[in-house]
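K.L.:
below are the sequence and a predicted model; questions follow.
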Amino acid sequence: MIEVKYFGAVAEKTNCPTEKVPLGNLSLEQLLNDLDKKYQLNTLSFSIAINQKIVPKTTDYELKSNDIIALLPPFAGG
């Protein structure tokens, strides 16, 4: 299992702050595609963190058991 955490507008769109996802042989790209089909996230802007490290959406990361994926709202400087 992996855990997906949602923040900001993504949490509002999914209507939940977190969910567990069965792992299987799942890559980050496949996870994002599955979540987009489920929640239509393509209209939102968000960053992705894997185990508290920001990664590009284009990263071909093979997810591992107990990974924590966070979908974060855009950051504002200040």
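P.N.:
In hand now; what should we look at?
K.L.:
go through this structure and flag its longest helix.
P.N.:
helix 28-39 (DSSP state H).
K.L.:
what does that helix rub up against?
P.N.:
Outside helix 28-39, the residues that touch it by C-beta atoms under 8 Å, 6 or more residues apart in numbering are 2, 4, 13-14, 21, 41-42, 48, 50, 55, 57, 59-63, 69, 71. Every residue, glycine included, has its C-beta placed from N, CA and C.
K.L.:
which element follows that helix toward the C-terminus?
P.N.:
strand 47-50 (DSSP states H and E).
K.L.:
from the contact counts, what lies against that following strand?
P.N.:
helix 28-39, strand 53-55, strand 68-72 (3 or more C-beta pairs under 8 Å, 6 or more residues apart in numbering; DSSP states H and E).
K.L.:
repeat that for 6 Å
P.N.:
strand 68-72 (3 or more C-beta pairs under 6 Å, 6 or more residues apart in numbering; DSSP states H and E).
K.L.:
any weak-confidence spans in this structure?
P.N.:
Within the chain, the ranges that satisfy pLDDT under 70 run 76-78.
K.L.:
who does the residue positioned nearest the centre of it form a beta bridge with?
P.N.:
Centroid-nearest residue in the chain: residue 71, 4.2 Å away (criterion: C-alpha atoms, centre = their mean). When assigned by DSSP bridges, residue 71 has beta-bridge partners residue 6, residue 48.
K.L.:
which residues touch it?
P.N.:
6, 10, 46 (C-beta atoms under 6 Å, 6 or more residues apart in numbering).
K.L.:
cool, residue 25 as well?
P.N.:
Applying C-beta under 6 Å, 6+ apart, no residues contact residue 25.
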